[in-house]
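**Q** based on what follows, work out the 3D shape:
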Amino acid sequence: MTERSLLPFLEQPSRIDGDNRASKEKLARIEYELSTLKTEKRLLQQSKDAAIGRYEELLAKKNDELLHLQNNFDYLFNQRKDLQSKLLNQKEVASASSSTLNSELKSLATENKALRGKLEKYERQFNSISGKCDHLRADLNRELQSNDQFRDRIKEMKDENHRLTKLNDDILERMKALSGQLESNNSFNNYEDLQLRLVSLQKTNNQLQFRVDSLLQQKTSIELLKQKNASLESKISKLERAEEKAELLQLENLELRTKFDEYFGVISTSVQSNNSESTDDSVLKFVETFKELQNKNLVLFEKLSEVESNVSRLEDTNLRLQDEINQELKPKLENLQNMVIQQENEIKELKKQKVLNSKEIEFLRNSLKSLDSVTAHIQATKISAGTDGSSKETEARRQATNQYLSNLEKLVDDYKKEVETLRRNSTLPQSVITPAKRPRLIDEDDTKTRAAIALRNENLELLAEIRNLKDKLNLVTKKLKLAEKSTDSTNHILELRSNPFSKDQAIKQETLNRLQDENRSLIAKYVESRNVESVPRAVFARQENDKDVLQAKIDHLTKRIDRLSSVYAEKSKEIIAVISRYFGYKIEFILSPLNPNEMCSKIKLVSKYTTRKDLGVSPPYLTLDVHNKSLKANGTYEFKAMCEELVNQWVNEKNQIPCFLSALNLKIYNEYFVKSSN
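**A** As a prediction, this is how the structure comes out:
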């Protein structure tokens with residue numbers, strides 16, 4: 001055994017050759033692997049060198065970027081410090097400006113209140129003064145009309161005075177002639193006639209005196225009109241000043257309102273932004289709002305310049321209108337003054353005529369007294385003489401005197417008629433022409449003056465109401481103009497030819513015509529017994545018309561039903577969507593199995609938390625029968641068990657179906673919706 005172990009090659013030469021071959025192969029393989037490893041090492045070294053170069057370039061770039069970022073960071077840090085300092089300054093400025101704005105706002109609010117009070121006071125004063133001005137203008141126009149009437153009446157009275165003077169002259173001449181004739185006449189009747197005439201002349205004198213008194217009253221009324229005119233002029237000037245002040249106050253009020261709205265809006269936005277946002281955002285928004293306010297201020301300044309130009313133009317027009325009014329009123333005032341002077345002169349002349357008439361009356365009285373004495377002397381001489389020879393002469397003289405007196409009576413009657421015609425023609429509100437008795441005249445004048453005063457008061461009230469209505473109308477028109485300017489889109493109302501009313505009227509007219517034709521044909525057939533067809537054509541035409549009308553109504557009603565059903569479907573969908581959104585259930589009404597056009601008493605309730613697509617099956621639901629008062633769960637076993645548990649808890653024990661539905665929805669949300677969302 002030892003020999004075999006010491007000499008293995010000798011004992012096994014083939015094995016030795018095989019080992020050598022294997023070692024050579026192994027050596028060759030190892031050499032090949034070594035060469036491949038060397039090549040791999042060389043390639044790895046090359047790739048390593050390339051990677052080292054590339055990484056060195058990347059490191060150099062990154063170092064450059066890092067230096068650039070460091071510089072940028074330093075710049076940003078410095079800029080941040082600058083911005084923080086600017087922010088602090090802006091905060092201080094904003095706080096100071098807000099404090100000043102608050103103080104200005106308070107002062108402007110107080111000024112606005114004071115100006116509003118002043119504006120209301122001036123508006124009230126303006127309204128009262130305008131109403132008074134209208135009343136005074138109406139009074140002035142009325143007095144001008146009365147002055148014109150008085151002037152016409154004075155002319156008539158002048159003519160009447162001329163007639164009276166002529167009549168007085170005629171009467172004096174005739175009285176002188178009559179006194180010469182009556183020296184030898186002893187008629188007592190003539191004496192009575194003269195006394196009656198004297199009484200009539202006294203009445204005419206009283207009438208003239210009463211007219212002079214009325215003219216004096218007119219003079220006093222004219223003086224009052226002068227005073228009213230002066231007060232009117234002063235009030236008109238005050239009114240114009242008040243109008244100018246009111247316009248200025250309105251402009252100031254509008255400016256203050258705009259400023260108040262702008263300041264209040266800026267403060268509210270700044271406060272809201274400070275409460276809700278950060279400081280940087282608030283500063284940026286404050287700067288933006290400040291720029292917007294600057295732009296708005298420029299726009300408002302342009303508008304203000306336009307308004308000022310309009311105001312200046314309106315002031316020019318106001319001055320021009322004032323000049324025109326002064327030019328129109330001054331000649332009227334001058335005419336009124338001239339009229340007053342003329343009336344005063346006429347009153348003086350009437351006074352002179354009154355004095356002359358009184359003297360004439362005294363002269364007539366004295367002449368009558370002398371006639372009395374003459375007649376008494378003649379009667380005494382007749383009684384003493386007792387002669388009958390001169391009776392014929394005395395009778396002739398009596399006849400002549402009677403004729404003369406009858407002529408005088410006719411003249412007096414004509415005079416009375418002329419006076420009556422003048423009294424009737426003078427239909428003035430303040431006319432005071434007297435009939436026979438003076439007390440009755442005064443009563444009639446009092447009633448007339450009272451009626452005139454009442455009518456004047458009613459006219460003043462009506463004028464005030466008209467003025468108020470005009471002011472309201474002006475305000476409404478201004479509001480309408482502003483509304484039309486503010487709204488860009490204008491609404492045009494068009495009346496179509498085929499509107500429902502015209503259609504209805506046309507149908508009614510057509511049916512009426514058909515019925516009239518039918519009535520005529522039936523009258524012709526049965527009443528007049530004419531040879532007419534068995535069924536008149538008018539009846540057939542009327543029936544066809546009725547059919548057409550009914551068909552049109554049916555079509556209209558079907559269209560209306562379709563429209564109402566579509567509207568009902570849309571509204572029901574909206575209601576169901578609202579219910580499912582806020583109450584958590586989708587409601588579906590189940591159709592009746594007997595009549596598919598009707599609904600049965602069952603309602604399908606589906607929770608909105610089970611209608612998810614990830615469940616993969618149809619969602620479970622509840623079926624509620626309203627008439628039978630039954631509840632059925634449809635769906636999975638878990639859903640049914642959940643419903644049974646909640647029904648036992650809420651419906652069977654407490655009889656609370658709404659609580660059951662709410663609890664079911666909450667449980668479905670916790671089990672289905674939350675799990676699926678997680």
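**Q** report the secondary structure state of Leu631.
**A** strand (DSSP: H, G, I helix; E, B strand; the rest coil).
**Q** so what's it up against?
**A** Listed by CB atoms under 8 Å, 6 or more residues apart in numbering, the contact set of Leu631 reads 622-625, 647, 651, 657. To be clear about C-beta, it is placed using only N, CA and C from the backbone, and glycine gets the same treatment.
**Q** so can I have JSON lines of those residues showing secondary structure?
**A** Shown next, in JSON lines, are those (three-state DSSP):
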{"residue": "Leu622", "secondary structure": "strand"}
{"residue": "Thr623", "secondary structure": "strand"}
{"residue": "Leu624", "secondary structure": "strand"}
{"residue": "Asp625", "secondary structure": "strand"}
{"residue": "Val647", "secondary structure": "helix"}
{"residue": "Val651", "secondary structure": "helix"}
{"residue": "Ile657", "secondary structure": "helix"}
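**Q** PyMOL command for the buried members of those residues?
**A** With 16 or more other CB atoms under 10 Å as the criterion, this PyMOL line picks the buried residues out of those:
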select buried, resi 622+624+647
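**Q** tell me the one of the contacts of Leu631 nearest Ile590?
**A** Thr623 (7.6 Å; CB to CB).
**Q** can you tell me how far the spatially closest residue to the closest one that is not a sequence neighbour is from Pro620?
**A** In space, and not counting its chain neighbours, Thr623 is closest to Lys632: 4.4 Å by CB to CB, 6 or more residues apart in numbering. Distance, Lys632 to Pro620, by CB to CB, to the nearest Å: 11 Å.
**Q** the more surrounded of the two?
**A** Between Lys632 and Pro620, Pro620 has the larger neighbour count (other CB atoms under 10 Å), namely 20 against 12.
**Q** what residues are up against that one?
**A** 610, 633-636, 639.
**Q** name the residues of stretch 70-88 that are buried.
**A** Leu87.
**Q** if you could redo that for stretch 155-168, that was the one I meant.
**A** For stretch 155-168, by 16+ other CB under 10 Å, it's 157, 160-161, 164, 167-168.
**Q** related to what we said a few turns ago, can you list which of the contacts of Pro620 are found in strands?
**A** Taking DSSP state E, the ones among the contacts of Pro620 that sit in strands are 633-634.
**Q** drop anything exposed from the contacts of Pro620.
**A** By 16+ other CB under 10 Å, these give 610, 633, 635, 639 as buried.
**Q** turn these into CSV, columns for distance to Ile507 and pLDDT.
**A** Shown next, in CSV, are the buried ones among the contacts of Pro620 (distance: CB to CB, whole Å; pLDDT from 0 to 100):
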residue, distance to Ile507, pLDDT
Thr610, 56, 79
Ala633, 58, 89
Gly635, 58, 86
Phe639, 61, 87
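**Q** of all pairs in those residues, which one is the farthest apart?
**A** Maximum pairwise distance in the buried ones among the contacts of Pro620, criterion CB to CB, is 11.9 Å, between Thr610 and Ala633.
**Q** rewinding a little: and the residue nearest to Thr623, what pLDDT?
**A** pLDDT recorded at Lys632 is 88.
**Q** ditto for Glu644
**A** 90.
**Q** for the stretch 201-350 of the chain, which spans come out with low pLDDT?
**A** 202, 205, 209, 260-284, 286-287, 294, 325, 329-330 (pLDDT under 70).
**Q** which residue ranges of it form helices?
**A** With helices called from DSSP state H, counting those that start in this stretch, the stretch 201-350 of the chain shows them at 279-385.
**Q** counting neighbours, what do you get for Glu334?
**A** By the other CB under 10 Å criterion, the neighbourhood of Glu334 contains 10 residues.
**Q** for it, give its distance to Glu328.
**A** For Glu334 relative to Glu328 (CB to CB), the value is 12 Å.
**Q** between these two, which contacts overlap?
**A** Counting by CB under 8 Å, 6+ apart, nothing touches both Glu334 and Glu328.
**Q** spatially nearest residue to Leu256, not counting backbone neighbours?
**A** Nearest non-adjacent residue to Leu256, counting by CB to CB, 6+ apart: Asn112, 5.1 Å away.
**Q** per-residue pLDDT, Pro620?
**A** 88.
**Q** what sits against the closest residue to it other than its chain neighbours?
**A** Among residues not flanking Pro620 along the chain, Gly635 sits closest, at 2.3 Å (CB to CB, 6+ apart). With contacts defined as CB under 8 Å, 6+ apart, Gly635 is in contact with 618-621.
**Q** go through those and name the one nearest Glu302.
**A** Pro619 (65.4 Å).
**Q** compute the number of surrounding residues for the closest one.
**A** 19.
**Q** surely it is in a strand?
**A** No: counting by three-state DSSP, Pro619 is not part of a strand but coil.
**Q** in the chain, which strand is the longest?
**A** Assigned via DSSP E, the chain shows its longest strand as strand 599-607.
**Q** can you give the strand pairings for that one, parallel or anti for each?
**A** strand 585-591 (antiparallel), strand 621-625 (antiparallel) (DSSP bridges).
**Q** and the angle for it with strand 630-634?
**A** Angle between the axes of strand 599-607 and strand 630-634 is 50 degrees (criterion: axes from the mean of the first three to the mean of the last three CA atoms, to 10 degrees).
**Q** contacting residues around strand 599-607?
**A** Residues from elsewhere that reach strand 599-607 (CB under 8 Å, 6+ apart): 584-593, 619, 621-628, 661, 664-665, 668.
**Q** out of those, which are buried?
**A** 584-586, 619, 621-622, 624, 661, 664-665, 668.
**Q** could I get the residues you listed in TSV, plus columns for distance to Asn519?
**A** Output for the buried ones among the contacts of strand 599-607, formatted as TSV (distance: CB to CB, whole Å):
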residue	distance to Asn519
Gly584	68
Tyr585	65
Lys586	63
Pro619	70
Tyr621	66
Leu622	67
Leu624	62
Leu661	68
Leu664	73
Asn665	71
Ile668	75
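**Q** what's the neighbour count on Asn229?
**A** Asn229: 19 neighbours (other CB under 10 Å).
**Q** quick check, it in contact with Gln337.
**A** No: assessed by CB atoms under 8 Å, Asn229 is found out of contact with Gln337, at 9.7 Å.
**Q** and Leu515, what does it touch?
**A** Arg542.
**Q** what's the per-residue pLDDT of it here?
**A** 74.
**Q** got any residues that touch both of Asn229 and Gln337?
**A** Contacts common to Asn229 and Gln337, judged by CB under 8 Å, 6+ apart, are absent.
**Q** tell me the pLDDT at Leu27?
**A** Reading off the model, Leu27 has pLDDT 88.
**Q** that one: neighbouring residues, count only.
**A** 10.
**Q** likewise the one 4 residues further on?
**A** In terms of burial, Glu31 registers 10 neighbours under the definition other CB under 10 Å.
**Q** how close does it sit to Glu25?
**A** 11 Å.
**Q** okay, now Lys24: neighbour count?
**A** Going by other CB under 10 Å, the residues that sit close to Lys24 add up to 10.
**Q** so what's the backbone phi/psi at it?
**A** phi -60, psi -40 (degrees, to the nearest 10).
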